[in-house]
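> Structure for this input, please:
(chains A and B, ligands or ions: 2)
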Number of protein chains: 2
Amino acid sequence: MKEIKVIRNEQPKSKPDGDRLGFGKYFTDHMLVMDYSADQGWHEPMIVPYGPITLDPSAMVFHYGQEVFEGMKAYKTADGHVCLFRPDANMHRLNQSSERISIPEVDEELLLDGIIALVREDQDWIPDGAESSLYIRPFIIATEPGLGVRAAREYKLMVILSPSGSYYPEGIHPVSIFVENQYVRAVRGGTGTAKTAGNYASGIRAQEVAQKQGYSQVLWLDGVEKKYIEEVGSMNVFFKISGEIVTPELSGSILAGITRDSVIRLLQSWGHQVTERKISVEELFAASSAGTLEEAFGTGTAAVISPIGKMKWDSEEITISGGHTGEISKKLYDTITGIQKGVLEDPFGWRRVIL
Amino acid sequence: MKEIKVIRNEQPKSKPDGDRLGFGKYFTDHMLVMDYSADQGWHEPMIVPYGPITLDPSAMVFHYGQEVFEGMKAYKTADGHVCLFRPDANMHRLNQSSERISIPEVDEELLLDGIIALVREDQDWIPDGAESSLYIRPFIIATEPGLGVRAAREYKLMVILSPSGSYYPEGIHPVSIFVENQYVRAVRGGTGTAKTAGNYASGIRAQEVAQKQGYSQVLWLDGVEKKYIEEVGSMNVFFKISGEIVTPELSGSILAGITRDSVIRLLQSWGHQVTERKISVEELFAASSAGTLEEAFGTGTAAVISPIGKMKWDSEEITISGGHTGEISKKLYDTITGIQKGVLEDPFGWRRVIL
Ligand SMILES: Cc1ncc(COP(=O)(O)O)c(C=O)c1O
Ligand SMILES: Cc1ncc(COP(=O)(O)O)c(C=O)c1O
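Numbers count the residues shown, from 1 in each chain, chains lettered A, B, ... in the order given. Ligands and ions are numbered 1, 2, ... in the order given. Predicted structure coming up:
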């Protein structure tokens, strides 16, 4: 592991109350920064005190959105260790996102070393609460000043850490979903496969509409036919129909979630059949009528598993698993969080102990 | 006009050489800033010295791309005045873009007053060169710190100015265009109608591919069927086929260009028929074979009119107007720049004299 330079924060903040962490509200005492210039490439990763950054108003990220990010977590295990979950997959996806947006790739190992060093530096910030964790947000922005649409020649990579509370303070429970007919998140050939800022800006409006109607998340349909299911909010999505588990295929417009991949592998290891294919919203509603839509859930780093209890499409609303958390959702949630927290075996080698 | 507070720059920069301005490389001594908070709304527009801004690394613009911008120009007229061109249209479009991205709307009149005051403040920066101008870039970014995808509660609006050289230092001349078959800029239901950062990030990759093959711009096809023409680079696009002028209709995925609108109105006033409709790339190539594709040009604030001399689609390449600037392109260019520069009548009241 490469030695990473540290400039220690001499004025550490006081830590927030563990019961009120929420998500993404507090940040730790340090951050990792690394700059890119056309001459030097990515150079001099450093851990420095968490604090504001200064950019020219013409910095390209403010105008043309050249940005990519990742989201991952550090967990405290039952026996006092600290783990990451499949961090190599996040490093790899960061580079894949960058490729789509013409951002120069980073050395995945070097970045992961930097992240590990950063988490170690701020280990006191990792919350103890049963389902809480330290959220890790690596991101890259185009910092070169100047207008004109093209790939920048200067970038800044940063990693910031946010202690976050349980996604389900009262235990895992189902969400209600609104099938979005008007707004589109992404289309094949666009940026939907990349974790880049513009995709999320695009979704805010639809999310607001759904929430006003009392639904917590948007179910995105494909941008071409507005027929096939893509994702739910910022999660991938799975359904159990007549005993078979199905999830939208990676068709070129959805993000290849790491939780999605973990879920597929776990389910297969349990003997389930998992099919990646096109799933129309019509098929789902028909299955619901026929009584064969047995379960539905979203998957993502934030919530791990998010059971879906209700789904609204045009004027129809269906209830899934009687509005309760389905059996598979519960088993997946317990298994993945169990692996993350070190209380279960780790048959796939997903856990990376860093402390 | 409302009085806008000015904090004058006591250390003005030396001005760049008028022959080497290029586009978007130099910025003037001042900028306009205005902040938004949930409590106060947009408040206290101010002209301050041009300089870096400081943001928390968790500022939402860096993660979820909530950003909109505009592009307009100030021109020095033959008789020493300074004009804007249809600035009210830019103010209005800024708000329309904001609506799509859930950014709170600004008072269009107040913002325009601020821009005018800013241009007056930095009037010495407006270049004299025949086809040079002062490029004006208003933009809004979400500044609220914190992670989690939702509309921010804090924003910063800024307006920066960049003296820019002629787009055609050697006189208007045609560009070559690459029809993009793989990457998609926007789709109906997405953000294509808004001037927002993510749309441009999405296009950078395709632009690089086109340039590597020797073409200067990308011609975007619709994201659904990859059949119909949408835009060219950051311009709207027009064709003359058998004497009729056609341009893609505003179908929900293209930007409603202000130059596009001006071109339509001018052409109509000259007695041309202009049709806004779907235009397939196949139709264009067939028209070219049949000898009826008479002219093609892009329209936008930067180049005003950009004649298209060559177009490549898969393995076919066609030449348009013999690779020269067509008659209508030339007439439109001369007329619009003539109105902008105050050497021609302004029958539509597009010019706004500000000095
Ligand atoms: C759009 C989108 N889809 C899916 C996911 C789930 O991916 P992962 O399981 O890697 O967290 C995320 C976020 O994390 C996302 O932003
Ligand atoms: C995507 C896109 N299309 C078209 C245009 C042309 O618009 P306008 O004529 O208002 O400059 C622009 C830019 O200015 C643009 O960014």
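> Which pLDDT value belongs to the closest residue to ligand 2 within the stretch 251-355 of chain A?
With CB to the nearest ligand atom as the measure, A:S253 is the residue of the stretch 251-355 of chain A nearest to ligand 2, at 20.6 Å. Glycine gets a C-beta too; all of them are placed from N, C-alpha and C. As predicted, A:S253 sits at a pLDDT of 96.
> The one 5 residues further on too?
Note for A:I258: predicted pLDDT of 98.
> The nearest residue to it once chain neighbours are set aside and A:S262: what is the separation?
Excluding the flanking residues, the one nearest A:I258 by CB to CB, 6 or more residues apart in numbering or on different chains is A:A89, at 4.6 Å. As defined by CB to CB, to the nearest Å, A:A89 lies at a distance of 9 Å from A:S262.
> Just want to know which of these two has more residues nearby.
Set A:A89 next to A:S262 and count neighbours by other CB atoms under 10 Å in any protein chain shown: A:S262 wins out with 22 against 18.
> Just the CA coordinates for the helix or strand encompassing the more buried one, please, in CSV.
Using DSSP states H and E, A:S262 falls within helix A:258-269. C-alpha atoms of helix A:258-269 as CSV (Å, rounded to 0.1, in the frame of the first residue of the first chain):
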residue,chain,number,x,y,z
ILE,A,258,-23.1,-3.4,-7.1
THR,A,259,-25.9,-4.4,-4.8
ARG,A,260,-27.8,-5.7,-7.8
ASP,A,261,-24.9,-7.9,-8.7
SER,A,262,-24.6,-9.1,-5.1
VAL,A,263,-28.3,-9.9,-5.0
ILE,A,264,-28.1,-11.9,-8.2
ARG,A,265,-25.2,-14.0,-6.9
LEU,A,266,-26.8,-14.6,-3.5
LEU,A,267,-30.1,-15.7,-5.0
GLN,A,268,-28.4,-18.0,-7.4
SER,A,269,-26.3,-19.5,-4.6
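> which secondary structure elements does the next helix or strand after it contact?
Once helix A:258-269 ends, the next helix or strand along the chain (criterion: DSSP H and E) is strand A:274-277. Using 3 or more CB pairs under 8 Å, 6 or more residues apart in numbering or on different chains; DSSP states H and E, the elements in contact with strand A:274-277 are strand A:244-248, helix A:258-269.
> Export these to a markdown table and append columns for distance to ligand 1.
Converted to a markdown table, the helices and strands packed on strand A:274-277 look like this (distance: least, CB to the nearest ligand atom, whole Å):
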| stretch | distance to ligand 1 |
| --- | --- |
| strand A:244-248 | 11 |
| helix A:258-269 | 3 |
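> For B:W350, which of these is the nearest?
For the helices and strands packed on strand A:274-277, the distance to B:W350 is smallest for strand A:244-248, at 48.4 Å, taking CB to CB.
> for the helices and strands packed on strand A:274-277, which one sits closest to A:P12?
Checking the helices and strands packed on strand A:274-277 against A:P12 by CB to CB gives helix A:258-269 as the closest, at 31.4 Å.
> Show me what the closest one is packed against.
helix A:87-100, strand A:236-241, strand A:244-248, strand A:274-277, strand A:293-300, strand A:304-313, helix A:327-340.
> one more time with 7 Å, if that's ok
Secondary-structure packing of helix A:258-269 (3 or more CB pairs under 7 Å, 6 or more residues apart in numbering or on different chains; DSSP states H and E): strand A:274-277, strand A:293-300, helix A:327-340.
> out of the helices and strands packed on strand A:274-277, nearest to A:G51?
Nearest of these (CB to CB): helix A:258-269, 29.7 Å.
> Show me what residue of the stretch 151-300 of chain A gets nearest to chain B.
Residue of the stretch 151-300 of chain A nearest chain B, by CB to the nearest CB: A:G198 (1.7 Å).
> where does the stretch 1-150 of chain A come near chain B, residue by residue?
By CB under 7 Å from any CB of the partner chain, the part of the stretch 1-150 of chain A that sits against chain B consists of A:23-25, A:27, A:31, A:52-58, A:61-67, A:69, A:100-102, A:137, A:139, A:141, A:146-150.
> what's around A:D107, how many residues?
16.
> Once you drop chain neighbours, what's closest to it?
A:W42 (6.8 Å).
> sec struct for A:I103, please.
Three-state call for A:I103 (DSSP: H, G, I helix; E, B strand; the rest coil): coil.
> which residues sit in contact with it?
By CB atoms under 7 Å, 6 or more residues apart in numbering or on different chains, the contact set of A:I103 is A:Q66, A:V68, A:I140, A:Y155.
> still on that earlier bit, name the nearest residue to the residue of the stretch 251-355 of chain A closest to ligand 2, ignoring sequence neighbours.
Closest residue in space to A:S253, ignoring its immediate chain neighbours: A:G192 at 3.8 Å, by CB to CB, 6+ apart.
> likewise A:H81?
Leaving out its chain neighbours, the residue that sits closest to A:H81 by CB to CB, 6+ apart is A:V353, at 5.3 Å.
> what about the helices in the stretch 51-200 of chain A?
A:61-64, A:87-100, A:108-121, A:197-212 (DSSP state H, counting those that start in this stretch).
> so where do the strands sit in the stretch 51-200 of chain A?
A:53-55, A:67-69, A:72-76, A:82-85, A:133-142, A:154-164, A:175-179 (DSSP state E, counting those that start in this stretch).
> okay, those in a markdown table with mean neighbour count, distance to ligand 2 and mean pLDDT next?
Conversion of these to a markdown table gives the following (neighbours: other CB atoms under 10 Å in any protein chain shown; distance: least, CB to the nearest ligand atom, whole Å; pLDDT from 0 to 100):
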| stretch | mean neighbour count | distance to ligand 2 | mean pLDDT |
| --- | --- | --- | --- |
| strand A:53-55 | 17 | 22 | 98 |
| strand A:67-69 | 26 | 18 | 98 |
| strand A:72-76 | 23 | 34 | 96 |
| strand A:82-85 | 22 | 40 | 97 |
| strand A:133-142 | 25 | 17 | 98 |
| strand A:154-164 | 23 | 23 | 98 |
| strand A:175-179 | 23 | 29 | 96 |
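> Output the ones you listed as JSON lines; include the columns distance to A:D334.
Compiled in JSON lines, the strands of the stretch 51-200 of chain A are given as follows (distance: least, CB to CB, whole Å):
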{"stretch": "strand A:53-55", "distance to A:D334": "40"}
{"stretch": "strand A:67-69", "distance to A:D334": "29"}
{"stretch": "strand A:72-76", "distance to A:D334": "14"}
{"stretch": "strand A:82-85", "distance to A:D334": "15"}
{"stretch": "strand A:133-142", "distance to A:D334": "16"}
{"stretch": "strand A:154-164", "distance to A:D334": "20"}
{"stretch": "strand A:175-179", "distance to A:D334": "18"}
